[in-house]
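J.: the sequence and its predicted three-dimensional model are supplied below.
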Amino acid sequence: MRELELKSVVDDLRLRRLRVEQAGGTLVFAGVMEDRHYTHEAEPESRGDVVRVRAYQGSGSAWTELTWKGLAHLELGYKAREELTTRVEDGATLRELLGRMGFIERQRITREIAWYDLGGATLRFERFPRMDILVEVEGTPETIEDAIRCTGIPRSHFTSERLTDFVRRFESRTGEQARLAGIDQPSDLRGVRTAQER
């Protein structure tokens, strides 16, 4: 599977979510999403591909996925990479298995998300413990562009840059160190739940 995506900082989370819903977006999941990225002890330096364990925890739903993500590159202005994903029944056993196979956890990222499907595109609003709120849009070039228009966020604000680039800008602008892991009190995006979640 090939993945195309763009990201932007979100200025007004409630407004942008409502605009997506008014355009027909369907809320798929709202809750906490935790990523653990692994490299193999035989190759401690990343080659650009990623082995990731992603766990979702929401009200009444929870599951884990194992994903391999290929080397990221630019394609027609979009961030592109190959991706293979499968659901896993037991996340704790999966992490133990990876450890026994020589994989080492290198990074953990936790955020509260609201994930929508809209016209064939996926939009995921993401709130980190301490960082700008982001929206990630995935799909085909056509569905990505349609979804971006629905958010009302200017197209020029969307970029193919990596999360680390957003972190760098946040820290430069605020003088604070970003925190990407460790949500103490999940809050359903702190009171910005919309009608689809009620």
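T.: Perfect, I can see it now.
J.: need the helices for the protein, in chain order.
T.: With DSSP state H as the criterion, the chain has helices at 13-22, 91-100, 141-151, 163-174.
J.: what helices and strands are in contact with the second one?
T.: Secondary-structure packing of helix 91-100 (3 or more C-beta pairs under 8 Å, 6 or more residues apart in numbering; DSSP states H and E): strand 50-58, strand 61-69. For every residue, glycine as well, the C-beta is placed using N, CA and C.
J.: show me what counts as buried in the last one.
T.: For strand 61-69, burial by neighbour count (16 or more other C-beta atoms under 10 Å) applies to 64-67, 69.
J.: point out where this structure drops to low pLDDT.
T.: Within the chain, the stretches with pLDDT under 70 are 44-46, 184-198.
J.: tell me the spacing between Val53 and Glu75.
T.: 26 Å (C-beta to C-beta, to the nearest Å).
J.: more neighbours: these two, which one.
T.: Using other C-beta atoms under 10 Å, the more surrounded residue of Val53 and Glu75 is Val53, with 21 against 13.
J.: that one reaches Leu98, doesn't it?
T.: Yes. Here Val53 reaches Leu98: they are 7.2 Å apart, a contact under C-beta atoms under 8 Å.
J.: common neighbours of these two, please.
T.: Tyr38 (C-beta atoms under 8 Å, 6 or more residues apart in numbering).
J.: between the helices of the chain, which one is nearest to Leu134?
T.: Leu134 lies closest, by C-beta to C-beta, to one member of the helices of the chain: helix 163-174, at 6.3 Å.
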